[in-house]
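Asker: what shape does this take:
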Amino acid sequence: MRKIFKPKTVNDYYLYAKQLLAEGKRDEARDNIDYAIIKVAEARQSGKTEDDILEGVRIGLLLERLWYFLENNDLLLGQEDDELPA
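Answerer: Here you go, the predicted structure:
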């Protein structure tokens, strides 16, 4: 039986999303990246800037890492080929 993993940090969500993607669970991987983005947004809402540190990493770098994960793995919503302008 598979142990249920409950991410707690931005890095947990990121690593778990990578694992889910490797298992072919694209929707779950995208959801975990979305949760990571929410954690960063909560920090920003509390007054932190992109240059502040969250979990040992600059917030701007965390956002780039999460965005690139979505973009490089074709996980961006609304970006299907048939929806893009010619």
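
Asker: at the geometric centre of the chain, which residue sits there?
Answerer: Geometric centre of the chain, nearest residue: I33, 2.3 Å, by C-alpha atoms, centre = their mean.

Asker: for the closest residue to R30 other than its chain neighbours, helix, strand, or coil?
Answerer: Of all residues not flanking R30 in the chain, L75 sits nearest, at 4.4 Å (C-beta to C-beta, 6 or more residues apart in numbering). (Glycine included, C-beta is placed from N, CA and C.) Of the three states, L75 takes coil under DSSP: H, G, I helix; E, B strand; the rest coil.

Asker: contact partners for L75?
Answerer: The neighbourhood of L75, defined by C-beta atoms under 8 Å, 6 or more residues apart in numbering, consists of 21, 26, 29-30, 33, 69.

Asker: got a PyMOL select line for the buried ones in these?
Answerer: What follows is the PyMOL syntax for the buried subset of those, where burial is set by 16 or more other C-beta atoms under 10 Å:
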select buried, resi 21+29+30+33+69
